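1. here you go, sequence then predicted model.
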Number of protein chains: 2
Amino acid sequence: MIEKSRRVENTQESYIRNILKAISQPGMLSLAGGLPDASRFPFELLANASQNLVNNPGIYQYGPTEGLPALREWILAKQPQGDLDVLLTTGSQQALDLLARAYLNPQDKVLVEAPSYLGALQIFDLAEVETVAVLSENDGPNIADLERQLKAHKVKLFYAVPDFQNPSCRTWSAIKRQQVAELLAQYDVAFVEDAPYRELRFEGQTLPTVSSFMQQLQADSFFLGSFSKIATPSMRVGYVSARAELLKPIAKVKQASDLHSALPMQQMLLDVVSHPDFDDHLQALTKHYQSRRDALVAAVNAHLSEFVDFEVPEGGMFLWLELKRHNARDIAAKALVENVAVVPGTEFWPSTREADYQAIRLNFTALDAEQLDVAVARLAKVMAAN
Amino acid sequence: MIEKSRRVENTQESYIRNILKAISQPGMLSLAGGLPDASRFPFELLANASQNLVNNPGIYQYGPTEGLPALREWILAKQPQGDLDVLLTTGSQQALDLLARAYLNPQDKVLVEAPSYLGALQIFDLAEVETVAVLSENDGPNIADLERQLKAHKVKLFYAVPDFQNPSCRTWSAIKRQQVAELLAQYDVAFVEDAPYRELRFEGQTLPTVSSFMQQLQADSFFLGSFSKIATPSMRVGYVSARAELLKPIAKVKQASDLHSALPMQQMLLDVVSHPDFDDHLQALTKHYQSRRDALVAAVNAHLSEFVDFEVPEGGMFLWLELKRHNARDIAAKALVENVAVVPGTEFWPSTREADYQAIRLNFTALDAEQLDVAVARLAKVMAAN
């Protein structure tokens, strides 16, 4: 049989994919995924958008690699002014993959946070690059550690999720955003800002993007945007915005790898997000997720306070529980037996670095308040017995 | 500025992309593209399909990497029986890209036809593999040359378009399909069968796929399918089918690179192709393209017979004109000045091989009979003057 490539051999498996069978057992309560609440998709706006397709026969022909011009313009109008352009992708996941293929050679070094988004680590595995990890704190990367890593390694880019990170749900402070940008500019390292959760803010103030600081410093940055968490994920519309010149190699890879992403999806997404009712939808959605976050926080305080430490995030989709005395993989495996699924924090550490502490990630968007309480009570039972 | 990757530096540009500006000049008649006739998309079926989305709220959540189960089953039901599975992709272009990333390491050797589909050559450039070319004849690869190449090179897979190839519009004979399969099985080389034009047959008999011979021989093969030419291209629904085991590494790359392709597009496509009226659409479409082929053949016979040799294809989207005394690049450049665009055959030769002869590719699906005649008359004027 034809032999697999090295890159696919060396790519980390998805934990959730591997426990999918267990998760779909009847009675299972899963805090392990990162699914939005499917009952809260903007169905009226979607129905309106799908019906509009009938009046738009031109949308069915091959289109430009960069995507639907009207949606690109809509996105650009929302961005800070500057010499920016936008390329639409099959979800922001593809934007990162194309970026990695356009800019990284095997053995290049990429800086990531520890912990980091698993999907990004898989992309860097596929790109056969070496990841260098910087320790992440509640308000962003440890700046001393960041400078140490930049001095020690010839790093080509820094990938991070500064708003409500997956898995830690941490958000970088304004001052750390500026400090990181200044350091990266000084060391001539590009920044890749992945922002799928940025609009899922329940309270507190929206902070400037790290990319906006990078632009002020005339340093290279890429902003990855997603509509999966605020509209619907299965249309797979995401984007990368950056200086036009920086997008050219990405467009070349996109053109060769799939020509362009689905245009009717881009048109429907534009109809949804530009509709006057979309803001109301977004406000209702964040309120809904806020109440689920509150329910999960209450459940953790009620059942788990002796076992875990955590911060309450101002948005996003996850709680990140640091375990006082348990081993994360062990607890996750035993929890499955008790019909509750969580992801051990070790899954989110880049392979080049040992996890500094034990943690588990809990999602709060997919289950309702009652289910969240039952799930956490089951988890407490497992922790108490171990 | 951040440096581009080697792979993107080394990837051939698309000729059509490079002349896009010239092509969009007023008065230009383009025989250069490969666009289906947008006036013949199945609009009624598409309208029905987009309206059906309203009744299918479940289609908007994240879905399986392999794609919509119902469409996968529909595709499988049309395939020869056997232990096959299907993975849906963003057009069949992505299927080839994922396959290359799942199976090829840099410096691996891949066998291709000369000439070959440019989009495939770009994917192999991105994969940083070496292409080995086998000479193509009117009824398929030259078998002696194929065996010579297989003996001389440790080739990992053979990529080809056996039905109405782009650019040559040639179709392999049944006997060559079997001979190629036997040779590949003997040398333990996998076959990748790209078949976007297979259903665009105007006359003559549909031949068994090369993959079906490979399966009989229990040899590795991948079949790439597309709906772009028979339904609509911008929904970007394609697929790869192969033994389930062979699809696993491809699914792993897909999961990491974009999670999955757009589900509402897969559902709409299923509604379109499984509708009782789809066969009528396909029959009308092939009749329509047949009449355009006939118009182009008549125009070439009327204006160009002293300059070119060609075969009349039984389907597909192109005529492939071998030039008796002209240089293809020279003619293509001069034709642009006379407001007619064609692609020089040299664009379709892998970079590792010199073109054996001069040729140009003419598309007949995008222009009507009158435009085709005017375009060819302009081309004749250019050839007569050079």
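-> Perfect, I can see it now. Numbering: from 1, shown residues only, chains lettered A, B, ... in the order given.
2. close to chain B, is the lowest-mean-pLDDT helix or strand in chain A?
-> Using mean pLDDT, DSSP states H and E, the weakest-scoring helix or strand in chain A turns out to be helix A:15-18, at a mean of 79. Yes - using C-beta under 8 Å from any C-beta of the partner chain, helix A:15-18 reaches chain B at A:Arg17. For every residue, glycine as well, the C-beta is placed using N, CA and C.
3. buried ones in that helix, by neighbour count?
-> Using 16 or more other C-beta atoms under 10 Å in any protein chain shown as the test for burial, helix A:15-18 gives A:Tyr15, A:Ile16.
4. which strands and helices lie in contact with that helix?
-> Contacts defined by 3 or more C-beta pairs under 8 Å, 6 or more residues apart in numbering or on different chains; DSSP states H and E place helix A:15-18 against strand A:343-344.
5. mind listing what the strand it packs on pairs with, with the direction of each?
-> strand A:359-363 (antiparallel) (DSSP bridges).
6. return the distance of the partner strand from the chain's centre.
-> 15 Å (C-alpha atoms, centre = their mean, to the nearest Å).
7. which residues sit against whichever helix or strand comes after that strand?
-> Toward the C-terminus, strand A:359-363 is succeeded by helix A:369-384 as the next helix or strand (DSSP states H and E). If you take C-beta atoms under 8 Å, 6 or more residues apart in numbering or on different chains as the criterion, helix A:369-384 is touched by A:29, A:31, A:291-292, A:295-296, A:298-300, A:302-304, A:307, A:326, A:331, A:334-335, A:338-340, A:342, A:362, A:364, A:367.
8. excluding chain neighbours, what is closest to A:Leu184?
-> A:Phe191 (5.4 Å; C-beta to C-beta, 6 or more residues apart in numbering or on different chains).
9. could you do A:Lys176 as well?
-> Once flanking residues are discounted, A:Lys176 sits nearest to A:Gly140: 3.4 Å by C-beta to C-beta, 6+ apart.
10. what does stretch A:133-151 contact?
-> Counting by C-beta under 8 Å, 6+ apart, A:111-116, A:132, A:155, A:158, A:160, A:162, A:165, A:168, A:170-173, A:176-177, A:179-180, A:183-184, A:187, A:189, A:311, A:349-350, A:352-353, A:356 sit against stretch A:133-151.
11. does the helix or strand where A:Met265 lies come close to chain B?
-> Secondary structure assigned from DSSP H and E places A:Met265 in helix A:263-273. Yes - using C-beta under 8 Å from any C-beta, we find that helix A:263-273 touches chain B at A:Leu263, A:Pro264, A:Met265, A:Met268.
12. that helix - contacts with which helices or strands?
-> Other helices and strands packing on helix A:263-273, by 3+ C-beta pairs under 8 Å, 6+ apart, are helix A:43-52, helix A:69-78, strand A:237-243, helix B:263-273.
13. could you say what helices and strands the helix or strand in which A:Phe222 is found packs with?
-> Using DSSP H and E, A:Phe222 maps to strand A:221-226. Counting contacts by 3+ C-beta pairs under 8 Å, 6+ apart, strand A:221-226 packs against helix A:91-103, strand A:190-194, helix A:210-216, strand A:237-243.
14. so what pLDDT did the residue nearest to A:Lys176 get?
-> pLDDT, A:Gly140: 97.
15. thought A:Ala95 was touching A:Leu87?
-> Yes - the criterion here is C-beta atoms under 8 Å, and A:Ala95 meets it with A:Leu87 at 7.4 Å.
16. which neighbours do these two have in common?
-> A:Tyr239, A:Val240, A:Ile250.
17. who's in contact with the last one?
-> This points to A:Ile250. By C-beta under 8 Å, 6+ apart, the residues touching A:Ile250 are A:Leu87, A:Ala95, A:Leu98, A:Leu99, A:Ala102, A:Val240.
18. returning to what we had before: can you name the next helix or strand after the helix holding A:Met265?
-> Following helix A:263-273 toward the C-terminus (DSSP H and E): helix A:278-303.
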